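Student: Build me a model from this:
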Amino acid sequence: MVLIWHEGALGDLLISRLALGALREKHPHEEIVLFARSEARYLLLKAGLVDQAYPTSLAVAQRFKNVARLYLFAQRPEAFSFLNPLAQTMVSVSTRPLRPQHLALQELEALGFWPSRLALFLQENKAMGRKVILHPGSGGRFKCAPPSAWRTLGALLKKEGFQISFLLGPAEKDLLKEFASEETILSEDLEGAVEQLNKAPFFIGHDSGLSHLAAALGLYTFCLFGPTAWWHWAPFGYTVAMVKRCQCLEKGLDPHHCPQPCLSEIRAEELARIFLDLSTTARWNHHLPKASGYNPGFVDNWGSVRKKAVEPQEAVVAAEEPRDSGKSGVPELGIQVVEVGEEHFPKG
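Tutor: Numbering: from 1, shown residues only. Next up, the predicted model:
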């Protein structure tokens, strides 16, 4: 039996689906039990990445004493020494970026095992048509474009024949008044959000857990980045990261305290143009490969999955952009990058 303990929130847990897929392949005959703080654990169970799933409860975990191995995913693994008695061997995987690469790839390297295929999707998205879900919120409002930009974006896409719905989570109830005249859905829980996302082939959002959820469910996901590092955190799958370069990020400044937030002057017309250009081109493979089990993999014209040599981890400046991918994206994760707007400089 193998235990996995994951302390991350929604986006963090979904980023780790590649690592969980690798552990499924590495331990094919072992029962894998997941303890995760995020409700998304049930999606990983449903996808077959794990065999059992529970909240992060030590009382429940103690039922599984003396297992062969425990994998701990946490920002500060040293704070979880109380888990040591549960397993003969504990492997720690940091969920904090340690080098200029995507966190999902960093986690795979920490495991020392590169799977034959990457578990980019938890399901096949079968939604058809021209429905687009817009998510104008995020856990950190400093990462968000203003509601007016989102309303304009929705109006522009409607003119092009798309059906638009705005989706809000429980922490974004204050935005309801901003979209009172729009088709707006308030999802109180993860299950409700999944239900809504499964009705659409397209999603546009910020750097947020909901964007990671959309990408994991197989939606064509357009994600707006500014003061956070896309090269660490971008959702992956069929993904376009629309990146506004931000000097707050590149100079290591705290974007929370910038008087003029990075995305405050984003132009909805530019976002609409990018969406219209890329959502209707042959860049997307509209037919996921048919494969049994949890791992449909990722094989299309972004490039096939390749094995990669495992390199030792080393501490680096978190905001350093990776030299190998530069502005193009991370092809092995299905991430394409498009720069938007003018570079943001801190004010005040």
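Student: pull the helix or strand with minimum mean pLDDT from the protein.
Tutor: Least confident helix or strand, the chain: helix 247-250 with a mean of 69, by mean pLDDT, DSSP states H and E.
Student: buried stuff in the helix or strand following that one?
Tutor: Per DSSP states H and E, helix 247-250 leads on to helix 268-278 as the next helix or strand towards the C-terminus. Within helix 268-278, the residues scored as buried using 16 or more other CB atoms under 10 Å are 268, 271-272, 274-275, 278. (Each C-beta comes from the backbone N, C-alpha and C, glycine too.)
Student: relative to helix 268-278, how tilted is the longest helix along the chain?
Tutor: If you go by DSSP state H, the chain has its longest helix at helix 147-159. Counting by axes from the mean of the first three to the mean of the last three CA atoms, to 10 degrees, helix 147-159 lies at 40 degrees to helix 268-278.
Student: that older thread, show me the two of the buried residues of helix 268-278 that sit farthest apart.
Tutor: Farthest pair in the buried residues of helix 268-278 (CB to CB) is 268 and 278. Separation: 15.9 Å.
Student: For residue 278, give its distance to residue 95.
Tutor: As judged by CB to CB, to the nearest Å, residue 278 and residue 95 stand 30 Å apart.
Student: again with residue 165
Tutor: 31 Å.
Student: Residue 59 now?
Tutor: With CB to CB as the criterion, residue 59 and residue 95 are 23 Å apart.
Student: Those two: who's more crowded?
Tutor: The neighbour comparison of residue 59 against residue 95 (other CB atoms under 10 Å) goes to residue 95, with 23 against 6.
Student: Enumerate the positions of stretch 81-89 that are buried.
Tutor: 83, 86-87.
Student: do the same with stretch 36-50
Tutor: 36-41, 43-45, 47-50.
Student: from those residues, which ones fall inside strands?
Tutor: residue 36 (DSSP state E).
Student: Looking at the buried residues of stretch 36-50, which are in helices?
Tutor: Per DSSP H, the buried residues of stretch 36-50 map to helices at 41, 43-45.
Student: of those, closest to residue 158?
Tutor: Nearest member of these to residue 158, counting by CB to CB, is residue 43, at 30.7 Å.
Student: Stretch 129-137 - what's its average pLDDT?
Tutor: Mean pLDDT, stretch 129-137: 94.
Student: ok, now which ones touch the residue in the chain sticking out farthest from the centre?
Tutor: The C-alpha centroid of the chain is most remote from residue 66, which lies 33.0 Å away (CA atoms, centre = their mean). Residue 66 is in contact with 86-88, counting by CB atoms under 8 Å, 6 or more residues apart in numbering.
Student: Could you do residue 42 as well?
Tutor: Contact analysis of residue 42 by CB under 8 Å, 6+ apart lists residue 53.
Student: How is residue 98 assigned, secondary-structure-wise?
Tutor: coil (DSSP: H, G, I helix; E, B strand; the rest coil).
Student: neighbours around it, how many?
Tutor: Residue 98 has 16 nearby residues by other CB under 10 Å.
Student: Below-threshold pLDDT in the stretch 1-150 of the chain: ranges please.
Tutor: Under the criterion pLDDT under 70, no range of the stretch 1-150 of the chain is flagged.
Student: For it, which segments count as strands?
Tutor: 2-6, 32-36, 52-54, 67-74, 87-94, 131-134 (DSSP state E, counting those that start in this stretch).
Student: Fine by me, we can end here.
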